[in-house]
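1. this is a predicted model, with the sequence first.
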Amino acid sequence: MIETIDLTKAYRRVRAVDGISFVARPGRVTGFLGLNGSGKTTTLRMLLGLTRPTSGTALINGQPFGELKNPLREVGAVLEQGISHPGQSGRAHLITQAILAGASRARVNLLLETVGLADADTQRTGEYSLGMRQRLAVATALLGEPRVLILDEPANGLDPEGIVWLRELLRAHADAGGTVLISSHLLAELAQLIDDVVIIANGQVRRAATLAELAGEGTVRLRVRGRDPVRLWRVFEEAGAEVAAEDDTLQVYGLSPEDAGEVAFAAGVPLYELAADAPSLEQTFLELAAS
Ligand SMILES: Nc1ncnc2c1ncn2[C@@H]1O[C@H](COP(=O)(O)OP(=O)(O)OP(=O)(O)O)[C@@H](O)[C@H]1O
């Protein structure tokens, strides 16, 4: 379980994180989403005891990171910056980290298999691709068999096969009762991976929901074509809609198809086409993340 309560980090000029409260539950994969600079990394760093909050609380399994008795056995993390020495092989890196985490050589072997690096274990990490480095970082995070996983932009650099691998790994972790918090600036990148979403903007939570709930939200877009686009544009705006044009088709936001039809009828403009597009998840995310 991960919980933040009114968590805040102020730098001299910026409130990087501004009163964030959310929960990531066991058995669920939670996507932590926001545009660049919205405060994701700062929040994750506070959860991991790497940045001190200005105020508020960040808890892992009910305790601040600094008070965890055996942190490497409770929480594993993949942060954005590289973690390994470029001259060290993947295996050597994992063995060093295993000593810190109190993990066995057998676990190192198992994890090299799990993350698909068994055939590249003696290669220097400096020669690894970005995707291989992400796999090594995930293996490192899993060394202490932690129940909580925190991953900052782990999908960066992964090819489609890597995304499938990550999805299966995170799903198995959550199904076994683990808690997973995974950040990204693209919802599309995580849509296949996550159960819940927490969307932040300017250091504040804009929406916390299940992915299924979010899929039912967002502004429906109407595509309208009629005899007199200029007049249609005006009457739709007068009815409170936002309107944009693409060739002779109007894109209308904020009206139902029924209302748009009635407005056009009242204005005496025959319609040739009226279609409603459900918003994509990405569009709904952007509406919230840019607000
Ligand atoms: N050490 C720092 N000193 C001053 N400002 C900082 C510091 N760290 C972060 N910030 C600012 O805080 C805000 C949030 O940054 P943060 O890195 O948490 O965002 P992010 O959502 O992780 O973005 P990205 O996806 O680009 O990593 C930004 O405006 C950033 O410039």
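-> All right, it came through fine.

2. enumerate the residues of the stretch 1-150 of the chain near the ligand.
-> Contact residues (C-beta under 6 Å from any ligand atom) of the stretch 1-150 of the chain with the ligand: 11, 14, 16, 34, 36, 37, 38, 39, 40, 41, 42. Placement of C-beta: from N, CA and C, glycine included.

3. now these: which count as buried?
-> Among those, those that count as buried by neighbour count (16 or more other C-beta atoms under 10 Å) are 16, 34, 38, 39, 40, 41, 42.

4. could you pick out which of these are located in strands?
-> Judged by DSSP state E, the subset of those located in strands is residue 16.

5. what comes into contact with stretch 214-224?
-> If you take C-beta atoms under 8 Å, 6 or more residues apart in numbering as the criterion, stretch 214-224 is touched by 197, 207, 209, 232, 236, 249-257, 260, 264, 271, 273-281, 283-285, 287.

6. just the ones of the residues you listed in strands?
-> Applying DSSP E to these, the entries found in strands are 197, 207, 209, 249-253, 271, 273-277.

7. quick one, which of these are buried?
-> 197, 207, 249, 250, 252, 274.

8. where along the stretch 51-200 of the chain do the helices fall?
-> With helices called from DSSP state H, counting those that start in this stretch, the stretch 51-200 of the chain shows them at 71-74, 90-101, 105-114, 130-142, 160-175, 187-190.

9. would you mind finding the most buried of the ones you listed?
-> Mean neighbour counts were taken over the helices of the stretch 51-200 of the chain using mean count of other C-beta atoms under 10 Å, and the top value, a mean of 23, falls to helix 130-142.

10. and it, what other elements does it pack with?
-> Other elements packing on helix 130-142 under the criterion 3 or more C-beta pairs under 8 Å, 6 or more residues apart in numbering; DSSP states H and E are strand 75-78, helix 90-101, helix 105-114, strand 148-152, helix 160-175.

11. send the alpha carbons of the last one over as PDB?
-> Only the C-alpha atoms of helix 160-175 are listed here, as PDB (Å, rounded to 0.1, in the frame of the first residue of the first chain):
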ATOM      1  CA  PRO A 160       6.300  -3.600 -27.900                       C
ATOM      2  CA  GLU A 161       7.700  -7.000 -26.800                       C
ATOM      3  CA  GLY A 162       9.200  -5.300 -23.700                       C
ATOM      4  CA  ILE A 163       5.900  -3.600 -22.900                       C
ATOM      5  CA  VAL A 164       4.100  -7.000 -23.000                       C
ATOM      6  CA  TRP A 165       6.800  -8.400 -20.700                       C
ATOM      7  CA  LEU A 166       6.400  -5.500 -18.300                       C
ATOM      8  CA  ARG A 167       2.700  -5.900 -18.300                       C
ATOM      9  CA  GLU A 168       2.900  -9.600 -17.400                       C
ATOM     10  CA  LEU A 169       5.400  -9.000 -14.700                       C
ATOM     11  CA  LEU A 170       3.500  -6.200 -13.100                       C
ATOM     12  CA  ARG A 171       0.200  -8.100 -13.400                       C
ATOM     13  CA  ALA A 172       1.700 -11.100 -11.700                       C
ATOM     14  CA  HIS A 173       3.100  -8.900  -8.900                       C
ATOM     15  CA  ALA A 174      -0.300  -7.300  -8.300                       C
ATOM     16  CA  ASP A 175      -2.100 -10.600  -8.500                       C
END
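
12. can you give me the angle it makes with helix 105-114?
-> Compare the direction of helix 160-175 with that of helix 105-114 by axes from the mean of the first three to the mean of the last three C-alpha atoms, to 10 degrees and you get 130 degrees.

13. quick one: contacts of helix 160-175?
-> Among residues not part of helix 160-175, those counted as contacts by C-beta under 8 Å, 6+ apart are 26-29, 114-116, 131, 134-135, 138, 149, 154-155, 158, 180, 182, 189, 192-193, 195.

14. which of those residues are buried?
-> Neighbour counting by 16+ other C-beta under 10 Å classes 28-29, 114-116, 131, 134-135, 138, 149, 154-155, 158, 180, 182, 189, 193, 195 among the contacts of helix 160-175 as buried.
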